[in-house]
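Visitor: Mind looking at a prediction? Sequence and model below.
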Amino acid sequence: MSIIVKQLSKVYGEQQAVSDISFTLGKGEVVGFLGPNGAGKSTTMKMLTGYVPITSGEATVCGFNVATHPLEVRKRVGYLPEANPLYLDMYVREFLGFMAQVHNLGSNSQRRIDDIIALTGLTPEVSKKIQSLSKGYKQRVGLAQALIHDPEVLILDEPTNGFDPNQLDVIRDVVRNLGKEKTIVLSTHIMQEVEAMCNRVIIINKGKIVADDSLANLQQGGADNGYIQVSFGGQGPDETELLSIGGVTHVRQTDAHGWQLYTNDLEIVRKNLLQFALINNRNILSLQSNSQSLETIFRELTNKF
Ligand SMILES: Nc1ncnc2c1ncn2[C@@H]1O[C@H](COP(=O)(O)OP(=O)(O)OP(=O)(O)O)[C@@H](O)[C@H]1O
């Protein structure tokens, strides 16, 4: 396993930022680390990369304990922090040369720098000072420094921050391609990013993991989960009657005649609802199934705790 996290916690003073989280990630996994503001994403990433000390629990990256072998970990991890700390006064190529030296790339440096510049689409900006670059290009330089030593694990904190739609395509391609042979953890608030790049999703809320599944499973679950919007003519049923319909987990009235019937199996509830209407002589004016998107699943999981 590339990353093993066991009961990891972080407390800043009085603030419990991360609380007893555990997960393991293998090669070829591109994990979307999702959570609302302040959920503990950046803190987890900082602990995995050795940038903040762990309060309790254990993290192992490529077989090395983060707390006891931080240098071994840094050799194997590329990290793009949320506040990307670049040497603004350096030129792009100069900065990447400096990072190559930090990682002791030796005679391979120039070829590696050229490759990374091409990979991250920095070629047109390569002879500019970092301070004069746009936000998106600064972010690309951050990504380039994270990749320069060809690490096995990539930890990217909001990597698409500041990118325009064209630039997004570049980074999506880079991440998807690298993800075939590396382990990538990326945090983002944008669900489409997760759907475009990740094959696994971990959702964190108030420092705790509330979902950890493959993107396919979450989306599959989303296809069955959701609600039926139904409108009754004349005397409609009341809440108790609607809750008695097989498969309905909870209901919400939307107007005088309209209800949302929530379920984990839209098809079953649709059938049972029609039967209910027939037996009880209720008149259904309209009926529409609404399956959940990843965004709805995220909202549900991070709002109810
Ligand atoms: N250095 C610090 N000192 C004190 N509290 C901190 C520190 N860093 C983070 N926190 C707190 O820890 C909690 C988790 O913060 P963290 O930055 O990990 O969240 P996040 O999920 O990355 O949020 P965002 O999406 O807004 O970047 C928050 O309550 C935050 O205020």
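Guide: In hand now; what should we look at?
Visitor: Could you check how many residues crowd around residue 111?
Guide: Residue 111 has 10 neighbouring residues, counting by other C-beta atoms under 10 Å. All C-beta atoms are positioned from the backbone trio N, CA, C, and that covers glycine.
Visitor: I'd guess it is in a helix, am I close?
Guide: Yes - checked against DSSP: H, G, I helix; E, B strand; the rest coil, residue 111 lies within a helix.
Visitor: Grab the nearest non-local neighbour of the one residue in the stretch 51-200 of the chain that gets nearest to the ligand.
Guide: Of all residues in the stretch 51-200 of the chain, residue 82 sits closest to the ligand, with a separation of 5.8 Å (C-beta to the nearest ligand atom). Counting by C-beta to C-beta, 6 or more residues apart in numbering, residue 82 lies nearest to residue 157, which is 4.1 Å off, once chain neighbours are set aside.
Visitor: Is the one you found bridged to anything, and to what?
Guide: Counting by DSSP bridges, residue 157 is bridged to residue 187.
Visitor: who touches the helix or strand of the chain with the lowest mean pLDDT?
Guide: When each helix and strand of the chain is scored by mean pLDDT, DSSP states H and E, helix 215-224 comes last, with a mean of 74. With C-beta atoms under 8 Å, 6 or more residues apart in numbering as the contact definition, helix 215-224 has outside contacts at 32, 194-195, 198-201, 211, 213, 264-267, 291-294, 296-297.
Visitor: Spell out which residues sit in contact with the residue nearest to residue 82, please.
Guide: With C-beta under 8 Å, 6+ apart, residue 157 has these contacts: 41-42, 45, 79-82, 186-187.
Visitor: which residue sits closest to residue 233 in space, ignoring its chain neighbours?
Guide: Excluding the flanking residues, the one nearest residue 233 by C-beta to C-beta, 6+ apart is residue 283, at 4.0 Å.
Visitor: on that earlier part again, next secondary structure after the least confident helix or strand of the chain?
Guide: strand 226-233 (DSSP states H and E).
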